[in-house]
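Colleague: Quick one, what's the 3D model for this:
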Amino acid sequence: MHKSAARYLIFFQYTGTKYSGVMKTAADQAVEGVENHLESAVRKLKPVNEVSVVISSRTDTGVHALCNSAHVDIQRRGDKPPLLEQDLVDALNFHLKAEPIRITRAYRVHSDFHARYRAVSRTYVYRFASGLRHHTEMPVTERDLCWALRDTRLNIDAVQEAAALLLGTHDFSTFRALSSDTPFKNPVKTLEKAQLDPGVSFSQRHFHRDIQFWELTFKSRSFLYRQVRRMTGALVAVGQGRLSVRQIQELLEARDSLAFPQNLTAPAHGLFLTNIQYRETDLGACRLAEQ
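Modeller: Numbers count the residues shown, from 1 in each chain. Sure thing, here's the model as predicted:
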């Protein structure tokens with residue numbers, strides 16, 4: 001590659017409601033992925049090289065992200081120096097302004113850096129609300145951003161007890177949905193965090209109804225396909241009394257995706273990818289090399 005080529009790690013956020021997911025879709029599909037728009041924005045910078053944005057963490061249709069990441073190579077024309085990190089952020093956001101997608105940070109990284117494989121942890125938060133008679137009682141500011149549980153009072157102690165069973169290293173086969181890459185994915189994952197906390201909402205201070213918001217937080221180096229939504233659905237079912245704590249243990253021990261109860265997966269719109277962590281040595285590698 002030309003000496004002015006540079007690889008960047010970019011962090012970005014998006015509201016996933018209008019997209020097919022984060023991954024790129026074919027040109028003939030009616031609904032695009034977030035990656036389509038990211039690559040389009042990079043192309044408008046007129047790089048010499050063919051543009052390919054490599055996403056670190058896949059999210060499905062309707063799932064949101066406050067912090068996803070990707071790497072991209074940009075080779076500028078002639079002898080132009082590599083773009084400064086903040087200049088890249090500003091330029092991409094200018095071209096993305098019509099979309100609910102924003103670049104939050106960029107780092108110049110080494111040419112062998114890989115956004116997906118260098119990540120050391122990923123954190124997801126699932127938001128849901130209880131105390132509603134009907135989903136139409138959800139404040140409009142929470143539309144498509146929170147799961148409305150109808151006529152529900154949760155047994156919080158039971159949810160927390162069940163969540164504790166998921167912590168540590170397990171074969172999570174039961175909690176993954178089957179997909180084309182299932183045979184190639186190791187179902188053994190280490191869950192560092194599975195925690196239920198009271199949630200917050202702007203509308204709570206101004207919307208005078210007794211609605212309680214909740215957040216389930218999960219942290220691991222990586223997750224299986226729909227693992228977070230399945231774990232959430234199962235834990236909520238425990239809180240509602242539809243499953244017992246013991247049944248969560250039995251599902252975990254079954255190690256069989258087909259053993260997961262039908263219609264128990266939490267809907268996509270309450271899920272947020274909130275953080276992806278990398279080693280500081282990876283993020284500062286190019287700066288140190290240039291000093």
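
Colleague: who does the helix or strand containing residue 107 pair up with?
Modeller: Assigned by DSSP states H and E, residue 107 belongs to strand 101-109. The pairing partners recorded for strand 101-109 under DSSP bridges are strand 5-14 (antiparallel).

Colleague: tell me the strands in the stretch 101-250 of the chain, going along the chain?
Modeller: Taking DSSP state E, counting those that start in this stretch, the strands of the stretch 101-250 of the chain run over residues 101-109, 121-132, 147-150, 168-171, 188-198, 212-220.

Colleague: Go through these and name the closest to residue 250.
Modeller: Proximity to residue 250 (Cβ to Cβ) singles out strand 168-171 among the strands of the stretch 101-250 of the chain, at 12.9 Å. Every residue, glycine included, has its C-beta placed from N, CA and C.

Colleague: Other residues contacting the closest one?
Modeller: Here strand 168-171 makes contact (Cβ atoms under 8 Å, 6 or more residues apart in numbering) with 187-191, 252, 255.

Colleague: any idea how far residue 20 is from residue 61?
Modeller: Residue 20 sits 5 Å away from residue 61, going by Cβ to Cβ, to the nearest Å.

Colleague: Can you work out which residues contact both of these two?
Modeller: Common contacts of residue 20 and residue 61 (Cβ under 8 Å, 6+ apart): residue 31.

Colleague: Neighbour count for these two, which is higher?
Modeller: residue 20 (19 against 15; other Cβ atoms under 10 Å).

Colleague: On the pLDDT front, check the closest residue in space to the more buried one that isn't next to it in sequence for me.
Modeller: Spatially, and ignoring its direct neighbours in sequence, residue 20 is nearest to residue 31 (4.4 Å; Cβ to Cβ, 6 or more residues apart in numbering). According to the prediction, residue 31 has pLDDT 95.

Colleague: Residue 31 contacts residue 16, correct?
Modeller: No - with contacts counted by Cβ atoms under 8 Å, residue 31 stays clear of residue 16, the gap being 11.3 Å.

Colleague: for the stretch 151-291 of the chain, which spans come out with low pLDDT?
Modeller: Residue ranges of the stretch 151-291 of the chain with pLDDT under 70: 208, 285-291.

Colleague: rerun that using 50 as the cut-off
Modeller: The stretch 151-291 of the chain contains residues with pLDDT under 50 at 288-291.

Colleague: Helices along the chain, start to end?
Modeller: Remark: helices assigned in the chain by DSSP state H are 34-43, 85-95, 156-166, 227-240, 245-254, 280-283, 285-290.

Colleague: picking up where we left off before, residue 31 and residue 16: who's more crowded?
Modeller: Set residue 31 next to residue 16 and count neighbours by other Cβ under 10 Å: residue 16 wins out with 27 against 11.

Colleague: Now do the contacts for that one.
Modeller: Contact analysis of residue 16 by Cβ under 8 Å, 6+ apart lists 22, 34, 59-65, 268-269.

Colleague: Dump these to TSV, plus distance to residue 51.
Modeller: Converted to TSV, the contacts of residue 16 look like this (distance: Cβ to Cβ, whole Å):
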residue	distance to residue 51
22	16
34	15
59	21
60	24
61	24
62	26
63	24
64	24
65	21
268	28
269	30
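
Colleague: Pull out the buried residues from the residues you listed.
Modeller: The neighbour count (16 or more other Cβ atoms under 10 Å) marks 22, 34, 59-60, 62-65, 268-269 as buried among the contacts of residue 16.
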